[in-house]
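Visitor: what follows is a predicted structure for the sequence shown.
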Amino acid sequence: MFRIGFSEDIHKKQEGRKLILAGVEFPGEVGLAGHSDADVVTHAVAESILGALALGDLGTHFPDNDPQFKDISSLILLDKVVALMEKEGYKVSNIDVQVACKSPRLHNKVCAMRLVIADHLKVEANQVSIKACSYNEVGPIGKGEAIKASSYVLLEK
């Protein structure tokens with residue numbers, strides 16, 4: 001049995017915060033505003049899994065007004081979602097992520113990002129796709145004011 005999930009997440013940039021995407025830090029880059037570490041990639045991945053399982057969204061499981069999640073690593077949240085997925089008897093078949101941002105350029109870190117996500121999903125790196133687009137100066141993403149990630153996941157029982 002297969003299930004498909006989709007999610008998107010977007011955060012505005014905020015000075016004074018570290019930029020973390022897919023669990024990988026981008027030193028020297030402006031970070032993202034959020035209650036947790038604001039890792040839009042990991043958020044989209046986790047929520048696409050929740051969606052495939054019809055288990056709600058990240059805010060349901062990890063409310064942004066709960067102090068225990070303040071500045072938490074999104075990888076910890078992903079691990080909790082993976083545990084829920086395994087409890088339901090599913091595993092990731094593959095996942096496809098698109099990151100929309102003007103900066104940073106991702107090409108030098110995509111391999112590391114794929115490895116981190118694959119490790120937390122307990123799959124091989126070739127089951128995780130991460131690619132980037134720039135929005136060509138259109139809207140807040142294209143103007144460098146925000147970063148968005150979209151994720152599709154295929155789960156198998």
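Guide: Everything's here; your move.
Visitor: wait, Ala125 sits on Val116?
Guide: No. Using C-beta atoms under 8 Å, Ala125 is not in contact with Val116, being 9.6 Å away. Placement of C-beta: from N, CA and C, glycine included.
Visitor: of the two, who's got more company?
Guide: Val116 (22 against 15; other C-beta atoms under 10 Å).
Visitor: so that one sits against Leu78, correct?
Guide: No. At 9.6 Å, Val116 and Leu78 do not qualify as touching, with contact defined as C-beta under 8 Å.
Visitor: check the secondary structure at Ile141 for me.
Guide: Here Ile141 takes the helix state, with states given by DSSP: H, G, I helix; E, B strand; the rest coil.
Visitor: looking at the longest strand seen in the chain now, give me its mean pLDDT.
Guide: Longest strand in the chain by number of residues (criterion: DSSP state E): strand 2-14. Averaged over strand 2-14, pLDDT sits at 97.
Visitor: over to stretch 137-155?
Guide: 95.
Visitor: buried sites along it?
Guide: Ile141, Gly142, Ala146, Ile147, Lys148, Ala149, Ser150, Ser151, Tyr152, Val153, Leu154, Leu155 (16 or more other C-beta atoms under 10 Å).
Visitor: what's the end-to-end length of stretch 134-148?
Guide: 10 Å (C-alpha to C-alpha, to the nearest Å).
Visitor: which residues are in contact with it?
Guide: 8-13, 21, 32, 40, 99-103 (C-beta atoms under 8 Å, 6 or more residues apart in numbering).
Visitor: lovely, talk soon.
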